[in-house]
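Asker: Mind folding the following:
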Amino acid sequence: MRHLKFAAGILGIAGLALRLAEDVRLHRLRKRLARVSDETFLKTARSLNAFESSLARLALEKSANDDVRAFADHVLEKEGDVTGDLIEIMDMGPVTETNFKPIYHGWVDDLQHAKAAGFDQTFVDVGQTVYQGAVSVFEAYVRDDATGPLKDYAARNIPRLQARLSQLQGLDLSVPQPVEA
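Answerer: Purely as a prediction, here's the structure:
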């Protein structure tokens, strides 16, 4: 019993360290948001689209939690519409971007390497951090006075991102998860 409490304590400390690291990443992102350029917004939007599909696919692969899997199914169901809208806007120009590298790639790596026993909590923590950051970028971008298809896209998607964040926060993680041997 004592070993079980010790292991639970270690897992708790590891989870806290991960959340603190994510809070630092989010704080750095928010500091850069005084003004959001078209290029920064586009990179964020494209990265978010890539992150969402990776997040959902990993959840379907690694999670045993029905709520987490249902969230992932919902994300994948809507993925084509959101990505299609962004691709259509990019095709209209004038904003083009080369050498695209997703900004959320490190968090996808964290999820890929998460142990089965802690996957769902890591999934929620990482997802919340990314969605909070994305909402901040989208809101900052919309606050600018300029108009155009990217601004319209951002404004249309803020409620979707806020809803995803709320959905993540409402997931029931109390369902027992399988323990790795």
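
Asker: alpha carbons only for contacts and neighbour counts from here, please
Answerer: Will do.

Asker: Can you show me the helices along this protein?
Answerer: For the chain, the helices defined by DSSP state H occupy 2-31, 38-62, 66-92, 105-112, 119-143, 149-169.

Asker: May I see those helices arranged in CSV, with mean pLDDT and mean neighbour count as well?
Answerer: What follows is the helices of the chain, written out as CSV (pLDDT from 0 to 100; neighbours: other Cα atoms under 10 Å):
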stretch, mean pLDDT, mean neighbour count
helix 2-31, 62, 13
helix 38-62, 86, 19
helix 66-92, 77, 15
helix 105-112, 79, 16
helix 119-143, 90, 20
helix 149-169, 91, 16
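
Asker: which other residues reach stretch 165-172?
Answerer: Identification of contacts with stretch 165-172 by Cα atoms under 8 Å, 6 or more residues apart in numbering yields 67-68, 71, 124, 127-128, 131-132.

Asker: and which of those is nearest Arg35?
Answerer: Gln132 (17.1 Å; Cα to Cα).

Asker: Tell me how far the closest one lies from Gln169.
Answerer: 11 Å (Cα to Cα, to the nearest Å).

Asker: What of His113?
Answerer: Applying Cα to Cα, the value for His113 to Gln169 is 22 Å.

Asker: and if you look at Arg46?
Answerer: Separation of Arg46 from Gln169 (Cα to Cα) stands at 23 Å.

Asker: cool, Ile158 as well?
Answerer: According to Cα to Cα, Ile158 and Gln169 sit 17 Å apart.

Asker: again, but for Phe41
Answerer: Look at Phe41 and Gln169: by Cα to Cα, they are 25 Å apart.

Asker: swap in Val68?
Answerer: Val68 is 11 Å from Gln169, by Cα to Cα.

Asker: do the same with Ala45
Answerer: Taking Cα to Cα, one finds Ala45 at 21 Å from Gln169.

Asker: Run a quick neighbour tally on the closest residue in space to Asp144 that isn't next to it in sequence.
Answerer: Distances taken as Cα to Cα, 6 or more residues apart in numbering put Arg35 closest to Asp144, at 7.5 Å, once the chain neighbours are dropped. Around Arg35 there are 14 other residues, counting by other Cα atoms under 10 Å.

Asker: could you list every residue that touches Arg35?
Answerer: Each residue near Arg35 by Cα under 8 Å, 6+ apart is listed here: 140-141, 144.

Asker: Tabulate these (JSON lines), appending distance to Ser53.
Answerer: Output for these, formatted as JSON lines (distance: Cα to Cα, whole Å):
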{"residue": "Ala140", "distance to Ser53": "24"}
{"residue": "Tyr141", "distance to Ser53": "23"}
{"residue": "Asp144", "distance to Ser53": "28"}
